[in-house]
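>>> Here is a sequence with its predicted model. Questions after.
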Amino acid sequence: MNWYVSWTYGIRSCCARRHSGAHGRHGPSGSQYHSTYHPERSFIMTARVPLVDQRTAPAASVTAIEQIQTAFGVVPNMFRAVANSPAALQSMWGSFGALGGGTISAQLGEKIAVAVADRNRCEYCLAAHTALGRKAGASAEEMAAAQAGLSDEPKTAAALAFAVKVVEARGQISETEVASLRQVGFGDEEIVEILAHVALNLFTNYVNVVFNVPVDFPGVKLIAR
């Protein structure tokens, strides 16, 4: 199962139950402004942009929204936020599809995602990719370790260390960091893809954090820093 197939399969099963019972501030989940109550935090998360759907999105976003609905069975809140901009939605959706046809495994893609999400304090992406990593076959312990940027498997550990370094150094890394990936057996294609996964996750992290997108996956705690 490649990364994209795993991602779409996982998100379908993780989101469907949550969306079926979700309610927005002004009505059901089809409402433009959607809110989610988090009893453990005693506040209501309300998105800072409309969470649009097929009825309320710009016309140029509808085709992609329908593709997402078909692939996942639901339209996750992140995509509903991004769909306010057809160009942004096509960029994000197209990137998921393109990287899904690459050489990086589903598990590694999800482990990179949780490591990046934790560094960027993105609860949405941390929750989503933890669930999707489990669907891809990773254990709860492996996903928790990946969140911390760690792994017992040398290649995975090197990829996570590289991803974390890129995020923390804002891309200002040395030849040594790139060489560390080659030393454990990654080729140039894989190295570029690892960086592409980091970049895509920066995009999704910023969307969810900046727009306060309500989490529609089982919650996962950020590591205290």
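Cool, the structure landed. This is a predicted model, so every value here is computed, not measured. Numbering: from 1, shown residues only.
>>> Just the buried positions in stretch 166-173, please.
In terms of neighbour count (16 or more other CB atoms under 10 Å), stretch 166-173 has its buried residues at 166-167. Every C-beta, even on glycine, is put in place using the N, C-alpha and C of the backbone.
>>> CA-only coordinates of that stretch, as CSV, when you get a sec.
Listed next in CSV are the C-alpha coordinates belonging to stretch 166-173 (Å, rounded to 0.1, in the frame of the first residue of the first chain):
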residue,chain,number,x,y,z
VAL,A,166,15.3,21.4,8.5
VAL,A,167,12.3,22.7,10.5
GLU,A,168,14.3,23.9,13.5
ALA,A,169,17.0,25.5,11.4
ARG,A,170,14.5,26.9,8.9
GLY,A,171,16.3,25.1,6.1
GLN,A,172,19.8,26.4,7.0
ILE,A,173,21.5,23.1,7.2
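>>> Rounded mean pLDDT for that stretch, please.
The pLDDT scores in stretch 166-173 average 97.
>>> contacting residues around that stretch?
With contacts defined as CB atoms under 8 Å, 6 or more residues apart in numbering, stretch 166-173 is touched by 116, 119-120, 162, 165, 177, 195, 198, 202.
>>> can you tell me which residues contact the spatially most central residue of the chain?
The centre of the chain sits closest to Cys125, judged by CA atoms, centre = their mean, with a distance of 4.2 Å. By CB under 8 Å, 6+ apart, the contact list for Cys125 reads 113-114, 116-117, 201, 204-205, 208.
>>> What strand or helix carries it?
In the assignment (DSSP states H and E), Cys125 maps to helix 123-135.
>>> Just the CA coordinates for that helix, please, in CSV.
In CSV, the C-alpha atoms belonging to helix 123-135 read as follows (Å, rounded to 0.1, in the frame of the first residue of the first chain):
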residue,chain,number,x,y,z
GLU,A,123,-2.4,19.6,17.0
TYR,A,124,-4.5,19.0,13.9
CYS,A,125,-1.7,17.4,11.9
LEU,A,126,-0.3,15.6,14.9
ALA,A,127,-3.7,14.0,15.5
ALA,A,128,-4.4,13.2,11.8
HIS,A,129,-1.0,11.7,11.0
THR,A,130,-0.8,9.7,14.2
ALA,A,131,-4.0,8.0,13.3
LEU,A,132,-2.9,7.6,9.7
GLY,A,133,0.5,6.2,10.8
ARG,A,134,-1.4,3.6,12.8
LYS,A,135,-3.5,2.7,9.8
